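A.B. asks: next come a sequence and a model predicted from it.
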Amino acid sequence: MSIHALMNNLSAWILPFMLIAILTVAMIKKVPVYEAFTDGAKDGFKVAINIIPYLVAILVCISMLRASGAIDACGNILSGVLNKFSIPVDVLPLMIVRSLSGSAALGIFSDIANNFGPDSYATKLAAIIVGSSETTFYVLAVYFGSVGISKVRYALLVGVLADIIGILAAIAVAHQFFL
Amino acid sequence: MNYIFCFLIIFSLIFSAFNGKLQDVVNAILTGADLSVKVAFSLIGIMAFWLGIMRIAERSGIVDFITKLIKPIAKWLFNEVPDDNKAIGDIAMSFSANALGLTNAATPIGLKAMEELQEINKDKTSASNAMCMFLAMNTAGFQIIPATVIAVLVGIGYKNPTEIVMPTLIVTGTAFISAIIFAKIFQKFWRKQ
């Protein structure tokens, strides 16, 4: 079995296994399972409502920035530098967007993959960038929003720095593996 | 955060005024606000489910067991969190779920961990060092298998999509480790809460 198939199976099995394990231990320990479940589940609604103001703040900013065309303009300015490191220009918006919006990043990636095809360097680099990224701004808004924290201190800076390292690493690794 | 908020909005408006996209940007306010509510509401059901399951895990002592298991690493990463705090167990479970690509489970468990970190937080409006470390680990997006990306590659007829797994793992691992190091460094030098 290939690593991919193995990992795919692992992902598919881990969730059922987790549920069976938790419920079995609970029964052995004689925990009132149904009661505990409904008690915990009550918080679901509260948490989801709590994050709305923070999500609105972040997602409105991000959709405004994307609609303004500033990200594409940034790509045009930097195209000279990108050529030097043999980075396809079309991948640049992805580098900026990946920390802002997961659905947008996936959209750009599908676009690149479909336009450049399976054998292109652009597709491979884009795949690595999308596969290794998390939407930093969204995560910060949701996690801090759920507990009502507005002063994020250095969390944002750390997130952005790690994203930059991630992009540089992606460029270097793609260069090593696929060029 | 105050500056970023103002900057993004003012910059987008002015920039678009010059390239004729002002109307698009104004429309984007509505789209963004609408999307936020959709995202929040789509979380309710799955959130309730996992929070329910986690409550069972907690009462059965599973969370305590995991807390003990990862104590040595947790002690270094979250040095301000008391030894037997439930938050550690939740952080470990949320991280594992993320690494395995179970995003639906990772977010509710992660938010529960945030709640527990908030309980021991001195200043309820500002992020504690433990929260910053947890978020650093989260925003670095460590994942063993990028399932969605592989799905897209398969869709366009990529012959050997698994060849991107290893490079992606190297990249995400590098970002993850540097996020932890950055968080550790800033914890020392950033203004106290």
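C.D. replies: Noted; the coordinates are in hand. Residues are numbered from 1 along each chain as shown, chains lettered A, B, ... in the order given.

A.B. asks: helix/strand/coil for the residue nearest to the spatial centre of chain A?
C.D. replies: Nearest to the mean C-alpha position of chain A, counting by C-alpha atoms, centre = their mean, stands A:Glu134 at 2.5 Å. Assigned with DSSP: H, G, I helix; E, B strand; the rest coil, A:Glu134 falls in the coil class.

A.B. asks: need phi/psi at it.
C.D. replies: Reported as degrees, to the nearest 10, the phi and psi values for A:Glu134 are phi -130, psi 150.

A.B. asks: contacting residues for it?
C.D. replies: Under the criterion of C-beta atoms under 8 Å, 6 or more residues apart in numbering or on different chains, the contact list for A:Glu134 reads B:138-141. In short, each C-beta sits where N, CA and C put it, glycine included.

A.B. asks: redo that, cut-off 6 Å
C.D. replies: Residues near A:Glu134 by C-beta atoms under 6 Å, 6 or more residues apart in numbering or on different chains: B:139, B:141.

A.B. asks: how close does it sit to A:Gly117?
C.D. replies: Using C-beta to C-beta, to the nearest Å, A:Glu134 is found at 27 Å from A:Gly117.

A.B. asks: same deal with A:Val33?
C.D. replies: Per C-beta to C-beta, A:Val33 is found 52 Å from A:Gly117.

A.B. asks: have a look at the two and say which one is more surrounded.
C.D. replies: Each of A:Val33 and A:Gly117 has its neighbours counted (other C-beta atoms under 10 Å in any protein chain shown); A:Val33 has more, 19 against 13.

A.B. asks: leaving out the residues flanking it, which one is nearest to the more buried one?
C.D. replies: A:Ala26 (5.1 Å; C-beta to C-beta, 6 or more residues apart in numbering or on different chains).

A.B. asks: quick one, what contacts that neighbour?
C.D. replies: A:Ala26 neighbours (C-beta under 6 Å, 6+ apart): A:33, B:56, B:60.

A.B. asks: ramachandran coordinates for the residue sitting furthest away from the middle of chain A?
C.D. replies: Centroid-distance maximum for chain A: A:Lys30 at 39.0 Å, with C-alpha atoms, centre = their mean. With angles defined as degrees, to the nearest 10, A:Lys30 sits at phi 60, psi 40.

A.B. asks: which residues in chain B form helices?
C.D. replies: Ranges of helices in chain B, per DSSP state H, are B:2-18, B:22-59, B:62-69, B:71-77, B:86-99, B:103-119, B:129-139, B:147-155, B:165-189.

A.B. asks: could you say which of the ones you listed is packed most deeply?
C.D. replies: Using mean count of other C-beta atoms under 10 Å in any protein chain shown, the stretch among those with the largest mean neighbour count is helix B:129-139, at a mean of 26.

A.B. asks: the closest residue in space to B:Glu116 that isn't next to it in sequence: what's it in contact with?
C.D. replies: With C-beta to C-beta, 6+ apart as the criterion, B:Glu116 has its nearest non-adjacent residue at 3.7 Å, and that residue is B:Ala87. By C-beta under 6 Å, 6+ apart, the contact set of B:Ala87 is B:81, B:113, B:116-117.

A.B. asks: farthest-separated two in these?
C.D. replies: Comparing all pairs in the contacts of B:Ala87 by C-beta to C-beta, the longest separation belongs to B:Val81 and B:Ala113, at 10.2 Å.

A.B. asks: ok so, going back, JSON lines for the helices of chain B, including mean pLDDT and distance to A:Val160?
C.D. replies: Converted to JSON lines, these look like this (pLDDT from 0 to 100; distance: least, C-beta to C-beta, whole Å):
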{"stretch": "helix B:2-18", "mean pLDDT": "89", "distance to A:Val160": "10"}
{"stretch": "helix B:22-59", "mean pLDDT": "87", "distance to A:Val160": "20"}
{"stretch": "helix B:62-69", "mean pLDDT": "81", "distance to A:Val160": "31"}
{"stretch": "helix B:71-77", "mean pLDDT": "84", "distance to A:Val160": "20"}
{"stretch": "helix B:86-99", "mean pLDDT": "86", "distance to A:Val160": "19"}
{"stretch": "helix B:103-119", "mean pLDDT": "89", "distance to A:Val160": "20"}
{"stretch": "helix B:129-139", "mean pLDDT": "94", "distance to A:Val160": "9"}
{"stretch": "helix B:147-155", "mean pLDDT": "81", "distance to A:Val160": "22"}
{"stretch": "helix B:165-189", "mean pLDDT": "93", "distance to A:Val160": "10"}
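
A.B. asks: of those, which is nearest A:Ala113?
C.D. replies: helix B:147-155 (5.6 Å).

A.B. asks: just the helices in chain A please.
C.D. replies: For chain A, the helices defined by DSSP H cover A:3-28, A:33-41, A:43-50, A:52-67, A:70-84, A:92-97, A:102-116, A:121-131, A:136-146, A:155-178.

A.B. asks: let me see the mean pLDDT of the first one.
C.D. replies: Spelled out, that is helix A:3-28. For helix A:3-28, the mean pLDDT works out to 76.

A.B. asks: ok, now the fourth one?
C.D. replies: Predicted confidence along helix A:52-67 averages 85 (mean pLDDT).

A.B. asks: my guess is B:Gly52 meets A:Asp43, correct?
C.D. replies: No - at 9.0 Å, B:Gly52 does not count as touching A:Asp43 under the criterion of C-beta atoms under 6 Å.

A.B. asks: quick check: domain ranges of the chain?
C.D. replies: Since you didn't name a chain, this refers to chain A. A:1-41, A:44-178 (automatic domain parsing).

A.B. asks: you looked at the wrong chain, it should be chain B
C.D. replies: Here the domain parsing of chain B from automatic domain parsing is B:1-60, B:61-193.
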